[in-house]
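A.B. asks: return atomic coordinates for the entry below.
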Amino acid sequence: MSKNVTPYKDSTLGKKEQVTQMFDNISGNYDGLNRVISFGIDVKWRKKVLDLVSAKNPENILDIATGTGDLAILMTKTKAKKIIGLDISAGMLEVGKKKIAEKKLEHIIDMVIGDSENMPFPDNHFDAITVSFGIRNFETLEKGLSEILRVLKPQGIFVILETSVPEKTPFKQGYNFYSKNILPIIGKLFSKDNVAYGYLSESASVFPYGEKLNNILRKIGFIDVEAMPQTFGVATIYKASKK
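C.D. replies: So this is what the prediction gives:
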């Protein structure tokens, strides 16, 4: 079980509603901030996700917590016939739709507003499902993963890209200092939502990673689960499948 950290400590709203509000607030600056905060390395990580998915030659792909659509757009390189980007934030989706229109990819990518824990798709529907820096925002992790398992086809591939905490010295100490002290300052400088990047840092620090997340995936029913740490362990790519 992951600790259920919420963005706005004094809010009466649930985590799902708070996360939606937060991403609506930061949607206009989100892409630029991501590049600054990760020093651009997140682009390299997403390309590794692309390689894993491409190897399965999927015809249809679901990108959950798609945000502004970076990964969904990258997934067009798989030659999939249809890609759906799902997100609960209308603000993030609007930014994504503009990017997709500029690239003339509307015939391949559909941006859909929806809840990852209650998805409007049939069972055994997608060849591949991806989640990039969004799984720790699920209100109930196990429920969201169960929904993903439901809509994934047998032998389909599920790939997660998520932050994690380095375990080796000095990378662990450097990561902790950066995430607790530097990341929130950068967020405040560029975003009108002063708490957003503090939440993103806190939620990353308490979210289960590595073998802990592997075990949760296996408990839900995924098979062939594997964790692949990236860049000294500041992020991890997980891949899994379905019987």
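A.B. asks: okay, strands next: where are they in this structure?
C.D. replies: With DSSP state E as the criterion, the chain has strands at 60-64, 82-87, 109-113, 126-132, 152-163, 223-230, 235-241.
A.B. asks: out of these, which comes closest to residue 38?
C.D. replies: strand 235-241 (8.3 Å; CB to CB). Bear in mind the C-beta positions are built from the backbone N, C-alpha and C, glycine included.
A.B. asks: isn't residue 41 up against residue 163?
C.D. replies: No. Residue 41 is beyond contact range of residue 163, at 11.6 Å (criterion: CB atoms under 8 Å).
A.B. asks: mutual contacts of these two, please.
C.D. replies: Contact criterion CB atoms under 8 Å, 6 or more residues apart in numbering; residues shared by residue 41 and residue 163: residue 235.
A.B. asks: neighbour count winner among these two?
C.D. replies: The neighbour comparison of residue 41 against residue 163 (other CB atoms under 10 Å) goes to residue 163, with 23 against 14.
A.B. asks: quick revisit: go through the strands of the chain and name the closest to residue 170.
C.D. replies: Smallest distance to residue 170 across the strands of the chain (CB to CB): 16.0 Å, for strand 223-230.
A.B. asks: show me what that closest one packs onto, helices and strands only.
C.D. replies: Judged by 3 or more CB pairs under 8 Å, 6 or more residues apart in numbering; DSSP states H and E, strand 223-230 is in contact with helix 41-54, helix 211-220, strand 235-241.
A.B. asks: any idea of the angle the last one forms with helix 211-220?
C.D. replies: Relative orientation of strand 235-241 with respect to helix 211-220: 20 degrees, computed using axes from the mean of the first three to the mean of the last three CA atoms, to 10 degrees.
A.B. asks: over to the first one?
C.D. replies: Put simply, helix 41-54 runs at 30 degrees to helix 211-220, going by the same axes, to 10 degrees.
A.B. asks: mind listing what's buried in helix 41-54?
C.D. replies: Across helix 41-54, burial judged by 16 or more other CB atoms under 10 Å covers 42, 45-46, 49-50, 52-53.
A.B. asks: okay, now the closest residue to residue 65 other than its chain neighbours: neighbour count?
C.D. replies: Counting by CB to CB, 6 or more residues apart in numbering, residue 65 lies nearest to residue 134, which is 2.4 Å off, once chain neighbours are set aside. The number of residues packed near residue 134 is 24, by other CB under 10 Å.
A.B. asks: surely residue 134 touches residue 64?
C.D. replies: Yes. Contact criterion CB under 8 Å: residue 134 and residue 64 qualify, at 6.3 Å.
A.B. asks: intersection of neighbour lists for those two?
C.D. replies: Contact criterion CB under 8 Å, 6+ apart; residues shared by residue 134 and residue 64: residue 116.
A.B. asks: columns distance to residue 168 on top of the helices and strands packed on strand 223-230, output as JSON lines?
C.D. replies: What follows is the helices and strands packed on strand 223-230, written out as JSON lines (distance: least, CB to CB, whole Å):
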{"stretch": "helix 41-54", "distance to residue 168": "18"}
{"stretch": "helix 211-220", "distance to residue 168": "15"}
{"stretch": "strand 235-241", "distance to residue 168": "14"}
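A.B. asks: ends of stretch 60-68, how far apart?
C.D. replies: 19 Å (CA to CA, to the nearest Å).
A.B. asks: residues in contact with residue 156?
C.D. replies: Per CB under 8 Å, 6+ apart, neighbours of residue 156: 56, 58, 126-129, 241-242.
A.B. asks: related to what we said a few turns ago, from residue 63, how far out is the residue nearest to residue 65?
C.D. replies: To residue 63, residue 134 is 9 Å away according to CB to CB, to the nearest Å.
A.B. asks: if we can go back for a sec, in a markdown table, list the helices and strands packed on strand 223-230 along with mean pLDDT.
C.D. replies: What follows is those, written out as a markdown table (pLDDT from 0 to 100):
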| stretch | mean pLDDT |
| --- | --- |
| helix 41-54 | 96 |
| helix 211-220 | 98 |
| strand 235-241 | 97 |
